[in-house]
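[1] how does the following fold in three dimensions:
(one chain, ligands or ions: 2)
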Amino acid sequence: MRKLYIAPSLLAADKNNFQSEINKAVKLGVKYIHFDVMDKDFIGHTSFSFDDFKLIKNMHHLINDVHLMVIKPYEYAKEYAQLGADIITFHYEALKEDTLRFDCINAIKKMGVKVGVSIKPNTPVEKIIPFLHHIDLVLIMSVEPGLGGQKFIESSLEKIRRCRDYIDVNNLKTLIEVDGGVNETTGPLCYQAGADILVAGSYLFGHSDVKDRYQKLFKKV
Ligand code: DX5
Ligand code: ZN
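    Ligands and ions are numbered 1, 2, ... in the order given. As a prediction, the model looks like this:
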């Protein structure tokens, strides 16, 4: 049976109370914490800063899953690798050619960090398939990147299935992560489609029944 992991997304956390928000995630028993980095060129606005990461990183021992939604992933990756990121995922759409994408993948690997590549909802899954042999994680965006609390895009499930099939047929270890609109209905569907890690932001943070909510994500596992 495939294991399912949840990566709480700090984008939805109370930014004035990071420590208590992170404590909640730790108490749930999660393995990953998801940290969203945005810049104006790729998204239109920013989210966390390097200083936020420095602060947050020392508040837990979870795996730092850094999602770069930036136009210059290599530059950001260098900084975040030095600051202690464990997985760095950049966007397929941020770079214009496959050679640049492979260069970035190799550069991140050389930093001693696991590497992921993400596709936006409008990018066909075929584009990411040739990368699956070379990366540790594929991140399927199930909403347009930029904001929490959006509705899950159903066609993401087919993308997850396609990646799962390819990964299994080729006996790869590449993890499939899904990000956006994950809740107690869509989360189990993602797992059934083949996801390994579900990012959950607004579904988990800002609610008093966080433990119940967390457990509901596992109902079809
Ligand atoms: C959006 C971010 C997500 C976001 C998900 O661009 O990448 O990680 O926090 O938020 P929810 O879970 O609320 O859809
Ligand atoms: Zn994210």
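[2] hey, let's count contacts and neighbours off CA atoms from now on
    OK.
[3] could you pull out the helices for this structure?
    Assignment of helices within the chain using DSSP state H yields the ranges 18-28, 50-57, 73-83, 98-110, 156-169, 186-193, 210-216.
[4] these two touch, right, A193 and S156?
    No - when contacts are counted by CA atoms under 8 Å, A193 is not listed as touching S156 (9.5 Å).
[5] of those two, who's got more company?
    In terms of neighbours (other CA atoms under 10 Å), S156 is the more surrounded of A193 and S156; the figures are 23 against 19.
[6] show me what contacts that one?
    Residues counted as contacts of S156 (CA atoms under 8 Å, 6 or more residues apart in numbering) are P121, I140, M141, S142.
[7] any idea how far P145 is from the first one?
    Read that as P121. As defined by CA to CA, to the nearest Å, P121 lies at a distance of 9 Å from P145.
[8] residue contacts, F152?
    S142, V143, G180, G181, V182, T186.
[9] and the residues you listed, which is closest to K173?
    Of all the contacts of F152, the one sitting nearest K173 is S142; the distance, using CA to CA, is 21.7 Å.
[10] what sits against that closest one?
    K120, P121, F152, I153, E154, S156, V178, D179, G180, G181.
[11] how about the first one: what's its closest non-neighbour residue?
    Yep, that's K120 we're talking about. Nearest residue to K120, sequence neighbours excluded (CA to CA, 6 or more residues apart in numbering): M141, at 5.2 Å.
[12] specify the beta-bridge partners of M38.
    With beta bridges defined as DSSP bridges, M38 has these partners: M69.
[13] report the distance from stretch 112-130 to the chain centre.
    Between the centre of stretch 112-130 and the centre of its host chain there is 11 Å, according to CA atoms, centre = their mean, to the nearest Å.
[14] figure out the length between the terminal residues of that stretch.
    22 Å.
[15] now swap in stretch 121-133 and tell me
    By CA to CA, the extent of stretch 121-133 from end to end equals 21 Å.
[16] for that stretch, buried residues please.
    Using 16 or more other CA atoms under 10 Å as the test for burial, stretch 121-133 gives P121, V125, I128, F131, L132.
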